[in-house]
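S.K.: Let me see the structure of the following:
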Amino acid sequence: MPAPPTAADVRALAERLVSDALVVVPVRHHSPACARAVRQAFEQHRPSRVLIEGPRGFTHLLPELLHPDARQPLAIYAWARHTVPGRPDATAGAFVPFCDHSPELVAARLAADAGVPVEFCDLDHVAQVLGVAGPDPAHDEQPGETTVLVDEAHYGHSDALRDLARRMGCQDHDDLWELLVESTDVPLADHLARMVAYCLLARRDATPERLAADGTRAREAEMAH
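M.R.: As a prediction, the model looks like this:
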């Protein structure tokens, strides 16, 4: 296991997220604090294009999601048929939920209001399904199930977050998140540093094999591209 990140490591990585060419705002789904950070980043850096984590095939549905008559919460549903050993014509459905304080929806609304191109940039649902399907998939989603396509499994599986939560008197990683992120209103740079620290801890004990098996590596490569 790698050594735990130092405060200097966290700050250095957080600073790399912001440049003249690219601004990366890590978010947690349905987080008001992250939605506020997205708004701060948009106001401070005035992007010429907005890319949002979410299946890229959903981009053509943005006009419906952003329609003046649309009332949140709403969700986009994806469905795929694929073949796994012993289960021909297996199906896998998933939905991506949105609400008014979802950072992704806030980003899309800001872009639309500013006349800035906006699109989803993650692997399509079918590509994610095919990437993790197999005789013994190391993934929470099973063929035939309907899941939420906003995976936060690494938070719950993280021994590092669990240990930190215990040391800070929190019940679990979600309680820790509320304490460190949601309960504070800090400048964008400080928010990014807190996000980097939380995510580094969440991922610290995730093995490369698991990251490959659950599709994380493939999704990250797509979004980086």
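
S.K.: Tell me the helices and strands packed up against the lengthiest helix in the chain.
M.R.: Ranked by residue count under DSSP state H, the longest helix found in the chain is helix 188-204. In terms of contacts (3 or more C-beta pairs under 8 Å, 6 or more residues apart in numbering; DSSP states H and E), helix 188-204 is packed against helix 7-16, helix 32-45, helix 153-157, helix 159-167. The C-beta positions use only the backbone N, C-alpha and C, and glycine is treated the same way.

S.K.: Now the first one: buried residues?
M.R.: Along helix 7-16, the positions that meet the burial threshold by neighbour count (16 or more other C-beta atoms under 10 Å) are 10, 11, 13, 14.

S.K.: and the two most separated of these?
M.R.: 11 and 13 (7.5 Å; C-beta to C-beta).

S.K.: name the element residue 108 belongs to?
M.R.: If you go by DSSP states H and E, residue 108 is part of helix 103-114.

S.K.: what helices or strands is that helix leaning on?
M.R.: Against helix 103-114 (3+ C-beta pairs under 8 Å, 6+ apart) you get helix 32-45, strand 50-55, helix 62-65, strand 118-122.

S.K.: List the residues that contact residue 36.
M.R.: 185, 191 (C-beta atoms under 8 Å, 6 or more residues apart in numbering).

S.K.: so the helix holding residue 108 versus strand 118-122, what angle?
M.R.: Helix 103-114 and strand 118-122 meet at an angle of 150 degrees, taking axes from the mean of the first three to the mean of the last three C-alpha atoms, to 10 degrees as the criterion.

S.K.: so how far is helix 103-114 from its chain's centroid?
M.R.: Put simply, helix 103-114 sits 16 Å off its chain's centre (C-alpha atoms, centre = their mean, to the nearest Å).

S.K.: Number the residues from 653 up from this point.
M.R.: In the new count, where the first residue is 653, that last one comes out as helix 755-766.

S.K.: coming back round to it: and the helices and strands packed on helix 840-856 as CSV, adding distance to residue 863?
M.R.: Listed next are these as CSV, based on distance: least, C-beta to C-beta, whole Å:
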stretch, distance to residue 863
helix 659-668, 18
helix 684-697, 22
helix 805-809, 9
helix 811-819, 15
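
S.K.: In JSON lines: those helices, plus mean pLDDT and distance to residue 732.
M.R.: Output for the helices and strands packed on helix 840-856, formatted as JSON lines (pLDDT from 0 to 100; distance: least, C-beta to C-beta, whole Å):
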{"stretch": "helix 659-668", "mean pLDDT": "92", "distance to residue 732": "35"}
{"stretch": "helix 684-697", "mean pLDDT": "96", "distance to residue 732": "28"}
{"stretch": "helix 805-809", "mean pLDDT": "66", "distance to residue 732": "20"}
{"stretch": "helix 811-819", "mean pLDDT": "91", "distance to residue 732": "31"}
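
S.K.: Looking at these, spot the one closest to residue 874.
M.R.: helix 805-809 (17.8 Å).
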